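S.K.: fold the following and give me the result.
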Amino acid sequence: MAQPMTTQIEQHNGPYTRFDLEDAISNLQNIETDLQTVLERIMDHDVRPTDDELSNALIGLIEMTKFRGEKLNMVFESLIKHGKIL
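M.R.: Okay, the predicted model is just below:
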């Protein structure tokens, strides 16, 4: 029987640290690289993506940005709760 997939949250051991916060901030900033990739796909390829493909890519980026923001807030709130930052 296949092992169930575990999330990064489930794998995290112990309270978050400032390094987790730095990592969450850095991950949230990946949106710039993601948008650059979409822009290159539009501008630098002979065949442009369809409106549907472009919409799906942007919807995915919006959702990923939400997820990354939620993770950042979770880590930040945990650090405050445990007195790691004031």
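
S.K.: okay, and the residue lying closest to Asn27 once chain neighbours are set aside sits in which element?
M.R.: Of all residues not flanking Asn27 in the chain, Arg68 sits nearest, at 5.1 Å (Cβ to Cβ, 6 or more residues apart in numbering). C-beta here means a position set from N, CA and C on the backbone, and glycine is covered the same way. Element membership of Arg68, judged by DSSP states H and E, is helix 51-81.

S.K.: thinking again about what came up before, ok, now how distant is the residue nearest to Asn27 from Asp20?
M.R.: Separation of Arg68 from Asp20 (Cβ to Cβ, to the nearest Å) stands at 13 Å.

S.K.: same check on Glu77?
M.R.: Between Glu77 and Asp20 the computed distance is 12 Å (Cβ to Cβ).

S.K.: please apply the same query to Thr33.
M.R.: According to Cβ to Cβ, Thr33 stands 21 Å off from Asp20.

S.K.: the more surrounded of these two?
M.R.: A direct count of neighbours by other Cβ atoms under 10 Å for Thr33 and Asp20 places Asp20 higher, at 19 against 8.

S.K.: quick one: contacts for the residue lying closest to that one once chain neighbours are set aside?
M.R.: In this structure, Asp20 finds its nearest non-sequential neighbour in Val75, 5.0 Å apart by Cβ to Cβ, 6+ apart. Residues counted as contacts of Val75 (Cβ atoms under 8 Å, 6 or more residues apart in numbering) are 16, 20-21, 24.

S.K.: now swap in Pro49 and tell me
M.R.: Contact analysis of Pro49 by Cβ under 8 Å, 6+ apart lists 41-42, 57.

S.K.: likewise for Leu79?
M.R.: 15-18, 21, 85 are the contacts of Leu79 under Cβ under 8 Å, 6+ apart.

S.K.: make it 10 Å
M.R.: Residues counted as contacts of Leu79 (Cβ atoms under 10 Å, 6 or more residues apart in numbering) are 15-18, 20-21, 85-86.

S.K.: ok, now Asp46?
M.R.: Asp46 makes no contacts at all, as judged by Cβ under 10 Å, 6+ apart.

S.K.: element containing it?
M.R.: Under the criterion DSSP H and E, no helix or strand holds Asp46.

S.K.: okay then, goodbye and thanks.
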